[in-house]
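Chemist: output the structure for:
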Amino acid sequence: MNPSTPLKQPRHLERLVTGQPTTDGAGVKLVRVLTQDLQQRLDPFLMLDNFGSNDPKDWNAGFPEHPHRGFETVTYMIAGRMRHRDSAGHEGLLQNGGVQWMTAGRGLIHSEMPEQEEGTMEGFQLWLNLPAKDKMREPWYRDIASSEIPMSSTPEGVAVRVIAGESQGVAGAVQREHTEPLYLDLHFPAQPTAFSQALPAGHNAFVYTYRGRLEVVGAGGEAATVPLHSMAVLANGGDGVVLRSAPGSPEPARALLIAGRPLREPIAQYGPFVMNTRDQLVQAVEDFRSGRLA
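Modeler: Residues are numbered from 1 along each chain as shown. Sure, this is the predicted structure:
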């Protein structure tokens, strides 16, 4: 679809989800937005966490060594510095505006530890499933600096960071054949402004507001508000989504728009292992305990 072509049947808001405060790693405080009970509905996405605090006690213990198998992690840092190291020999510094894209595949052990003692640490981690045929592939890792993330902007002034997929004719930093993920960071101007994004009818999609307030505008012009730190699950069908910064928002809205093609395969999860069957999970745990992920 041409970026300038108006949507004829935009999606409406199906469900509003409020994130749940929790801790992970060695006690990092975060909000878990996409939880395990939504994995089938939002297939191929497995989890979305939002971490953010200017109190070092909330994040300074970091995420010491832990294993993964069977999926990809996408960490997007809004503010802060975090060092990644893994058992496949990869190492990188994730910092302001950058993305770390890691394919765990057959498995590895990694750590993500802060490299700052004060200030703000804020960002997101998304888990993206792998198709059954790729779950035991070789691990892969890429650091994407902020300057390497393509940008686009609309005539109305919405700035778009295209992490994955395509928006406004701009291809993102990462493409994936089977899940076809779209990962956009949308920055709205102060005045109420609309943004349209074409989406394949069968792709699952959601919006997460992390500054201000947004609205999802349906085909009849009806608007549903997405408050701060809330996730809007978008109904399937139609040709895309229309988002609008909400009138009276306390600050210019910023949000993640994420969509992907569902794999429609069984999901079996045990902590940091995501496979298709229980037997595969048992094998993953045995491999970890015997040192075969190292």
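Chemist: how much space is there between Val216 and Ala232?
Modeler: From Val216 over to Ala232 the distance is 6 Å, taken as C-beta to C-beta, to the nearest Å. Yep, even glycine has a C-beta here, placed from its N, CA and C like the rest.
Chemist: ugh, typo on my part, it should be Glu166
Modeler: To Ala232, Glu166 is 21 Å away according to C-beta to C-beta.
Chemist: returning to what we had before: joint contacts of Val216 and Ala232?
Modeler: By the contact definition C-beta atoms under 8 Å, 6 or more residues apart in numbering, Val216 and Ala232 are jointly contacted by Leu13, Val207, Ala224, Val226.
Chemist: now neighbour count and distance to Gln40 too, for the residues you listed, in JSON lines please.
Modeler: As requested, the shared contacts of Val216 and Ala232 are arranged in JSON lines below (neighbours: other C-beta atoms under 10 Å; distance: C-beta to C-beta, whole Å):
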{"residue": "Leu13", "neighbour count": "21", "distance to Gln40": "19"}
{"residue": "Val207", "neighbour count": "23", "distance to Gln40": "19"}
{"residue": "Ala224", "neighbour count": "14", "distance to Gln40": "23"}
{"residue": "Val226", "neighbour count": "25", "distance to Gln40": "22"}
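Chemist: tell me which of those residues is nearest to Leu257?
Modeler: Val207 (5.3 Å; C-beta to C-beta).
Chemist: what strand or helix carries the residue nearest to that closest one when sequence neighbours are not counted?
Modeler: Among residues not flanking Val207 along the chain, Ala232 sits closest, at 4.5 Å (C-beta to C-beta, 6 or more residues apart in numbering). Assessed by DSSP states H and E, Ala232 sits inside strand 230-234.
Chemist: quick one: list the elements packing against the helix or strand following that strand.
Modeler: Note on strand 230-234: by DSSP H and E, the next helix or strand toward the C-terminus is strand 240-245. Packing partners of strand 240-245 (3 or more C-beta pairs under 8 Å, 6 or more residues apart in numbering; DSSP states H and E): strand 194-198, strand 204-211, strand 214-217, strand 254-260.
Chemist: which residues touch Gly119?
Modeler: Asn54, Ala79, Gly80.
Chemist: pretty sure the first one is touching Gly80, no?
Modeler: Pointing back at Asn54 there. No. Here Asn54 does not reach Gly80: they are 9.9 Å apart, not a contact under C-beta atoms under 8 Å.
Chemist: beta-bridge partners for Thr225, please?
Modeler: In this structure, Thr225 bridges to Glu215 when assessed by DSSP bridges.
Chemist: with that, I have no additional questions.
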